[in-house]
Each structure stands twice: as structure tokens, then as C-alpha cells.
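Enquirer: Quick one: sequence plus predicted model below, questions after.
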Amino acid sequence: MSSREPESPGARPAFGPEWLLAQNLPSHALICGSAPCLLEDFEIASAMMSNTAVLVVNEAGSVVRGSHLITQHPEKASWFRQQSLDPSITIHTAKSRERASQPDIDVHWPNCVTLATSGGSAIAIALEMGFQGILLCGMPMNGGDGYFQGSAMQQDEPRFGMESPDSDYIRGYREKLVEFTEKQPRALRVVRSMSGFTRELFGAPEWG
């Protein structure tokens with residue numbers, strides 16, 4: 001939990017740990033990133049798992065219907081909502097309180113700014129939400145994967161998906177992800193992945 005003081009009642013966005021107290025979440029979650037393998041990963045995972053929360057990262061909500069959207073780009077929250085298959089989706093961020101205070105940010109997790117991407121924060125936030133099992137779909141995080149077909153992010157913010165797997169950015173991210181699991185060993189027990197580097201790190205689902 002964060003050491004900061006909780007937000008006052010009714011404050012916007014809601015303070016994550018307080019918001020969580022009023023939720024009745026499923027025991028498991030799917031986290032959906034934006035790699036080209038997203039829809040294939042999600043189709044297989046959703047057929048094998050039931051009663052799961054679906055957490056979409058950034059623009060993934062435009063092709064996968066999620067109940068929660070997680071972003072490290074709070075200034076784009078309104079655009080992500082407009083693109084989302086569910087316009088009432090709950091949007092979370094781990095960015096600073098000042099940056100989190102955007103019109104479409106619903107929940108703020110101040111102790112979950114981690115790693116180098118929105119996907120990294122999604123893993124941290126999902127762990128804070130207390131899910132017993134978390135499965136990553138479309139989140140290989142290999143570098144150079146690109147984005148799912150039709151993604152506007154490919155033109156707007158190429159960054160992680162277009163970076164070479166051998167770039168300093170990708171190598172640094174992988175190091176941070178490994179460090180994250182060392183600091184939070186629960187992640188290795190709870191998180192699994194459908195594809196790529198994250199599958200190598202966290203392991204495949206039991207039925208994978």
C-alpha cells in the first residue's frame with residue numbers, strides 16, 4: 001500500500017486502495033496489451049477461463065471489451081474512452097496525482113508507477129487489486145512486435161512496439177521487469193503470459 005494519505009471521500013479520481021474496498025472483483029484477470037498477437041491470445045484465454053475481469057491497456061479497449069482500462073498516459077484518457085468498446089469503462093492510472101487529475105481518470109494508484117510501459121503498471125495494479133491469477137494477453141514485450149492491426153498507436157506513439165529487441169530501451173525494460181519480480185515475488189506465483197518474453201519470465205498458463 002502507498003504511504004500517502006488517502007484521498008478525501010468523493011475526490012476525483014478515487015484513491016485505489018479505498019476504491020478497492022467497495023469492489024467485488026472476480027478471482028482472476030486477463031490483462032490485454034496491444035501486440036499483434038492480442039486477439040489470438042485473448043480468444044484462446046477467454047475460451048479457457050470464465051468469470052474473469054478484463055483489464056485493457058491503452059488502446060486495446062478498442063478491440064477487446066474490458067471492464068477496466070489502465071494507462072500511463074492520463075492525458076489521453078478521454079481518447080482511450082472514446083475508442084473503447086465500453087464507454088463506461090473504469091480508467092486507472094499510476095501517474096502522479098497532478099497528472100492523474102484528468103476528466104476521464106477514475107482511479108489513481110500512486111504506488112504503482114513501475115517499469116517502462118502502461119503494461120508494466122497494469123501488472124502492478126492488478127496485483128494490488130488482489131487477483132489470485134493474472135494472465136497476460138497480447139503482452140509479449142519482446143520489443144519490435146508492433147501493434148494490433150488498425151491500431152492508431154503505431155502512428156501516434158510507436159515507442160515500445162517498434163523499438164528493436166536489442167535496443168537499450170528494451171534491454172532496460174527487461175531488466176526492470178526482472179527486478180520487479182525480485183521485489184514482488186508474488187508476481188511469479190500469480191502472473192502467467194500467453195506469449196513472448198513475458199511467457200518466458202512468468203511462465204505459461206497451466207493449460208498452455
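Expert: That came in fine, so what should we check first? All of these numbers come straight from a predicted model, not from anything done at the bench.
Enquirer: ok, which stretches of this protein are strands?
Expert: Per DSSP state E, the chain carries strands over the ranges 14-15, 28-32, 52-57, 68-71, 90-93, 107-108, 133-137, 191-193.
Enquirer: Can you check what pLDDT the model gives the most centrally placed residue in the chain?
Expert: Centroid-nearest residue in the chain: Ala122, 2.6 Å away (criterion: Cα atoms, centre = their mean). On pLDDT, Ala122 comes in at 94.
Enquirer: again, but for the one 10 residues further on
Expert: Per-residue confidence at Gln132 stands at 95 (pLDDT).
Enquirer: ok, so what distance separates it from Gly119?
Expert: 20 Å (Cβ to Cβ, to the nearest Å). Heads up, the C-betas are built off the backbone N, CA and C, glycines and all.
Enquirer: So which of the two has more stuff around it?
Expert: Gly119 (27 against 10; other Cβ atoms under 10 Å).
Enquirer: Test my guess that the more buried one contacts Gly138.
Expert: No. If you go by Cβ atoms under 8 Å, Gly119 and Gly138 don't touch, sitting 9.1 Å apart.
Enquirer: helices and strands of this structure: which one bottoms out on pLDDT?
Expert: Ranked by mean pLDDT, DSSP states H and E, the weakest helix or strand in the chain is helix 153-156, scoring a mean of 55.
Enquirer: So which of the strands of the chain is nearest Arg171?
Expert: strand 191-193 (18.8 Å; Cβ to Cβ).
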